[in-house]
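Visitor: pasting the sequence and the predicted model now:
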Amino acid sequence: MKQTAKRGKMMPIGPLMIEHRLIERMLAVARRELERFNREKRLDPAFVRELVDFIRMYADRCHHGKEEDILFRDLAGKELTPELRNITEELISEHKWARGQTRDLAEANERYAGGDESSFVTVLARLNALSEFYPKHIEKEDKHFFLPVMRYFTEEEKQAMLGEGSELDATLIHEKYRRIVEGAEGGAEGGG
Ligand SMILES: [Fe+2]
Ligand SMILES: [Fe+2]
């Protein structure tokens, strides 16, 4: 179909950069909500849950998944400059750090929702950390990493990466809703 000719020009960093824009928008909302929580001296645990879901499913599974399990995996077989190799390692450890912050955020938010007001400050601190982190991490990738690493791949390799990225997207929607059904079948809030 016509679609394939158009796709031929797209690089695997195309979808990654588009995803960055949505992550930035969500984190801008998080920043605004953080300021509101601060003013009102109370949280909206439902918003924080929604944010945690966005970060886990979209920013981490869908987006970092394409970076780590596809792009970085394929870069491991290339002779990168030491500088690009260093950036790759930094990006991986930043993803790990963000996962930890998100877990702490989710746990503190659930404690707060359960009546523990002392978790308020933890939630604010994690929201602040994550909303400062993402724009910097994204800028590092957009401005100093994505384009230089594309030079290491043939057209064929790039198309294969794009295809794998689409497959990942396709599996995630099923995974997400299967989890929701399983959670609902299990009854109360628990799980994760
Ligand atoms: Fe990343
Ligand atoms: Fe990214």
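Guide: Good, I have the coordinates. Ligands and ions are numbered 1, 2, ... in the order given.

Visitor: now stretch 26-42, how far from the chain's geometric center?
Guide: Taking the mean of its C-alpha atoms, stretch 26-42 sits 20 Å from the chain's own mean (C-alpha atoms, centre = their mean, to the nearest Å).

Visitor: now that stretch: buried residues?
Guide: Buried positions in stretch 26-42, judged by neighbour count with 16 or more other C-beta atoms under 10 Å: 26, 27, 30, 31, 33, 34, 37. (Each C-beta comes from the backbone N, C-alpha and C, glycine too.)

Visitor: pick the one among these closest to residue 18.
Guide: The nearest member of the buried residues of stretch 26-42 to residue 18, counting by C-beta to C-beta, is residue 26 at 13.6 Å.

Visitor: thinking the closest one is in contact with residue 54, fair?
Guide: Yes. Counting by C-beta atoms under 8 Å, residue 26 does reach residue 54; the two are 5.3 Å apart.

Visitor: now do the most centrally placed residue in the chain, the pLDDT please.
Guide: For the chain, the residue nearest the mean C-alpha position is residue 59 (1.6 Å; C-alpha atoms, centre = their mean). Residue 59 is assigned 97 on the pLDDT scale.

Visitor: so it makes contact with residue 20?
Guide: No. If you go by C-beta under 8 Å, residue 59 and residue 20 don't touch, sitting 9.5 Å apart.

Visitor: measure residue 83 to residue 141 for me?
Guide: Separation of residue 83 from residue 141 (C-beta to C-beta, to the nearest Å) stands at 14 Å.

Visitor: more crowded one of the two?
Guide: residue 141 (20 against 11; other C-beta atoms under 10 Å).

Visitor: residue contacts, the more buried one?
Guide: Shown in contact with residue 141 (C-beta atoms under 8 Å, 6 or more residues apart in numbering): 16, 20, 67, 91.

Visitor: list the contacts of the last one.
Guide: Residues touching residue 91, when contacts are defined by C-beta under 8 Å, 6+ apart, comprise 67, 72, 137, 140, 141, 145.

Visitor: quick one: distance of the helix or strand that contains the fourth one to the chain centre.
Guide: If you go by DSSP states H and E, residue 140 is part of helix 120-144. Distance, stretch centre to chain centre, for helix 120-144: 11 Å (C-alpha atoms, centre = their mean).

Visitor: kindly report the same for stretch 16-29.
Guide: 9 Å.

Visitor: what is the least confident helix or strand in the protein?
Guide: In the chain, the helix or strand scored least confidently by mean pLDDT, DSSP states H and E is helix 2-7, which has a mean of 49.
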